[in-house]
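Asker: Predicted model and sequence follow; I will ask about them next.
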Amino acid sequence: MELTESQKLALELVKKHGSVEGAVKATGRDPRNFKRLIKRAKAVMARQGHAPEHDMVKTCPDGYHVKGVSTLYTNGEHGTQISAQWVKTNIDRERQEQIIQDMVESWCEAAKGKIKPLKAPSSCNDQLMTVYPLGDPHFGMYAWADEVGKDFDLDIAERQLMAAIDYLVDKSPPSKRGVLINLGDMFHSDNMDGVTARSGHSLDMDGRLQKVIDVGVRALRRCIHRMLEKHDQVEIVNAPGNHDHVLALALNVMFKNIYENEPRVKVYADPTMRHYIQHGKVLIGVVHGHQTKDNDLGEIMATEKAQQWGATAYRYWYRGHHHQDKVTELRGCKVEQFRTLAPKDAYAAGGGYLSGQDMKAIVHHAEHGEISRNTFAITMMK
């Protein structure tokens, strides 16, 4: 929580005139309302660690709030003195989300209108849609080969994704629609502490948050650019993950602004946990998978999209989260979870969570459902 402009002004007036009473007298303010304003301002400052009347004079960093203060007093020849003080801080989730939102808005303003429309490919098959499921990229994760078997950092994450998208776009037929599905956890963390928001689990991070976002956005823009060279219409879905719920929503806002002048790009920007894509008789649901059970997804789709369910014959759920290839066939639809290009981190390696690394592109026909797929295996980087 931050001071409002009126609270800042009130504190400046008290400082200028020496007291609340002095400020009231000099400005003609209503005493009761002015004192209430000062009281609220002091509460905000105390939350940040500044309350001189209680010997709290050290503010905590932006994005945190004071959880508690312990002060040790001793009696000396000059009276009671502070011998030691312990300031316990905690993450201010509301403020950190505001910082990220401000960051995104500034980037959007800088990029707005600067992406010029690209020339569409000369010929595309309007019966085909190629889907590129991007399983849990975890940009910002750090892994050390001596500890987990493979190195991983921002540079490696970007190079791997670029190699995968180049290969898969080249292998794809000239389908009219190309859909990039970020299945969640694009970013390893969406806060400056490098911890998961829900469990507080400490994460191994590579780089400051702003740098991580910058590289991740650049990589996704490159994916969209390559897809625009092959497909007449490019669509992007960003599913909120358990590692990056806030930043997934921010990506939607950002890309809507970046591509506002490119009519060939569609962003699924609804702030929902699940998204749906229909192509003729094909219906695809997108979810990260950390809040739903696979066996429930068929009923969820039939309930949330009853009209599309009745109009389609081939129904799929694409999900991430577990980093493994797995297909579950339910009544009326299939649920498929996908691997990631990223290796395991120290936590996953310690827990024995082992899986392969790859990325796929899946071609759907409007009348026949899935008709082909290509795979980029991580070993192809060599």
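Answerer: Received the coordinates, thanks.
Asker: And the residue at the greatest distance from the centre of the chain, how close does it get to Lys230?
Answerer: Here the centre of the chain is the reference, and by CA atoms, centre = their mean the most remote residue is Glu77, at 56.2 Å. Per CB to CB, to the nearest Å, Glu77 is found 81 Å from Lys230. Bear in mind the C-beta positions are built from the backbone N, C-alpha and C, glycine included.
Asker: Correct me if wrong: Ala377 contacts Gln357.
Answerer: Yes. Taking contacts as CB atoms under 8 Å, Ala377 lies within contact range of Gln357: 7.4 Å.
Asker: So for those two, which residue has more residues nearby?
Answerer: Gln357 (20 against 15; other CB atoms under 10 Å).
Asker: and the nearest residue to Ile224 once chain neighbours are set aside, helix, strand or coil?
Answerer: Counting by CB to CB, 6 or more residues apart in numbering, the nearest residue to Ile224 once its immediate chain neighbours are dropped is Val234, at 5.6 Å. Three-state call for Val234 (DSSP: H, G, I helix; E, B strand; the rest coil): strand.
Asker: And the pLDDT for Val234?
Answerer: Here, the pLDDT recorded for Val234 equals 98.
Asker: so Asp166 touches Met227, yeah?
Answerer: No. Assessed by CB under 8 Å, Asp166 is found out of contact with Met227, at 10.7 Å.
Asker: tell me the average confidence for the strand or helix carrying Leu128?
Answerer: Assigned by DSSP states H and E, Leu128 belongs to strand 125-134. Strand 125-134 shows a mean pLDDT of 98.
Asker: could you say what helices and strands whatever helix or strand comes next after it packs with?
Answerer: On the C-terminal side of strand 125-134, the closest following helix or strand by DSSP H and E is helix 145-148. Counting contacts by 3 or more CB pairs under 8 Å, 6 or more residues apart in numbering; DSSP states H and E, helix 145-148 packs against helix 346-351.
Asker: for the helix it packs on, packing partners?
Answerer: Applying 3+ CB pairs under 8 Å, 6+ apart, one finds that helix 346-351 contacts helix 145-148.
Asker: Counting neighbours, show which residues of the helix it packs on come out buried.
Answerer: Val148 (16 or more other CB atoms under 10 Å).
Asker: Just the residues contacting it, thanks.
Answerer: 151, 343-346, 348-349 (CB atoms under 8 Å, 6 or more residues apart in numbering).
Asker: Repeat the analysis, applying 6 Å as the threshold.
Answerer: For helix 145-148, the external contacting residues (CB atoms under 6 Å, 6 or more residues apart in numbering) are 151, 344, 346, 349.
Asker: Same question for stretch 355-362.
Answerer: 130-132, 164, 168, 172, 323-324, 339, 341, 370, 373-378.
Asker: quick one on the thing from earlier: looking at Asp166 and Met227, which one has more neighbours?
Answerer: More crowded of Asp166 and Met227, by other CB under 10 Å: Met227, with 25 against 14.
Asker: got a pLDDT number for that one?
Answerer: For Met227, the predicted pLDDT is 97.
Asker: so it sits right up against Val234, yeah?
Answerer: Yes. Using CB atoms under 6 Å, Met227 is in contact with Val234, at 4.6 Å.
Asker: Overlap of the contact sets of those two?
Answerer: Gly178.
Asker: Could you give the bridge partners of the nearest residue to Arg274 once chain neighbours are set aside?
Answerer: Closest residue to Arg274 apart from its sequence neighbours, by CB to CB, 6+ apart: Val287 at 4.8 Å. Val287 has these beta-bridge partners by DSSP bridges: Arg319.
Asker: so where's the protein shaky on pLDDT?
Answerer: 1-3, 46-69, 71-72, 78, 82-114, 192-202 (pLDDT under 70).
Asker: Swap in 50 and give it another go.
Answerer: Within the chain, no range satisfies pLDDT under 50.
Asker: got the domain boundaries for it?
Answerer: Domain ranges of the chain: 1-47, 93-381, per automatic domain parsing.
Asker: before we move on, the earlier item: what's the neighbour count on the residue nearest to Arg274?
Answerer: Using other CB under 10 Å, Val287 has 27 other residues around it.
Asker: And for Lys211?
Answerer: Lys211, neighbours per other CB under 10 Å, totals 12.
Asker: Which neighbouring elements make contact with the helix or strand hosting it?
Answerer: Using DSSP H and E, Lys211 sits in helix 209-230. Here helix 209-230 touches helix 154-171, strand 233-238, going by 3 or more CB pairs under 6 Å, 6 or more residues apart in numbering; DSSP states H and E.
Asker: Report the distance from it to the chain centre.
Answerer: Mean C-alpha position of helix 209-230 versus that of the full chain (CA atoms, centre = their mean, to the nearest Å) differs by 14 Å.
Asker: Tell me what angle that helix forms with strand 125-134.
Answerer: Interaxial angle, helix 209-230 versus strand 125-134 (axes from the mean of the first three to the mean of the last three CA atoms, to 10 degrees): 160 degrees.
Asker: Name the residues of helix 209-230 that come out as buried.
Answerer: 209, 212-217, 219-221, 223-224, 226-228, 230.
Asker: likewise stretch 359-368?
Answerer: Within stretch 359-368, judged by 16+ other CB under 10 Å, the buried ones are 359-366.
Asker: and the residue nearest to Met380 when sequence neighbours are not counted, how far is that from Leu341?
Answerer: In space, and not counting its chain neighbours, Met380 is closest to Tyr167: 6.9 Å by CB to CB, 6+ apart. Shown here: Tyr167 relative to Leu341, a distance of 12 Å by CB to CB.
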